[in-house]
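Peer 1: sequence first, then the predicted structure, then my questions.
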Amino acid sequence: VDNNDQQVGIEIVRKALQAPVRQIAENAGKDGAVVAGKLLETKDTKQGYDAQNDEYTDMFKAGIIDPTKVVRTALQDAASVAALLITTEAMVADKPEKKGAAAPAGGMGGMGDMDF
């Protein structure tokens, strides 16, 4: 790594790559951090978490893996959009709407006009 900025970028991508498995585990009722941690401990790059069967398995043998080209293309596209957003000097967005004061609360039954 040439500089600290590149190292920060690497860490951002590394964390982003863990997001899908963490979310899948969370959706299955498991702790995403624990599942991601177990996968990071293994040296087997084919190992993954099968949320449907709640087990760690060879993702290729189980038939639950995206083709490399799909994953690579998605990552390249995401990096390209991120780079574009970082280097842009202007952005087109909707004009913020001014929010008026909230309507006064209506009277409650049985309170009369509250004249004292």
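Peer 2: Arrived safely, thanks for sending.
Peer 1: burial of the nearest residue to residue 27 once chain neighbours are set aside, as a residue count?
Peer 2: Of all residues beyond its chain neighbours, the one nearest residue 27 is residue 51 (7.1 Å), with distances taken as Cβ to Cβ, 6 or more residues apart in numbering. In short, each C-beta sits where N, CA and C put it, glycine included. If you count neighbours by other Cβ atoms under 10 Å, residue 51 ends up with 17.
Peer 1: check residue 49 too.
Peer 2: Look at residue 49: counted by other Cβ under 10 Å, it has 23 neighbours.
Peer 1: contacts for whichever strand or helix holds residue 81?
Peer 2: Assigned by DSSP states H and E, residue 81 falls within helix 68-87. Residues outside helix 68-87 that contact it (Cβ atoms under 8 Å, 6 or more residues apart in numbering) are 13, 16, 17.
Peer 1: so where does the residue nearest the centre of the chain fall, helix or strand?
Peer 2: When Cα atoms, centre = their mean is applied to the chain, the residue found nearest the centroid is residue 19 (5.6 Å). Taking DSSP H and E as the criterion, residue 19 maps to helix 4-27.
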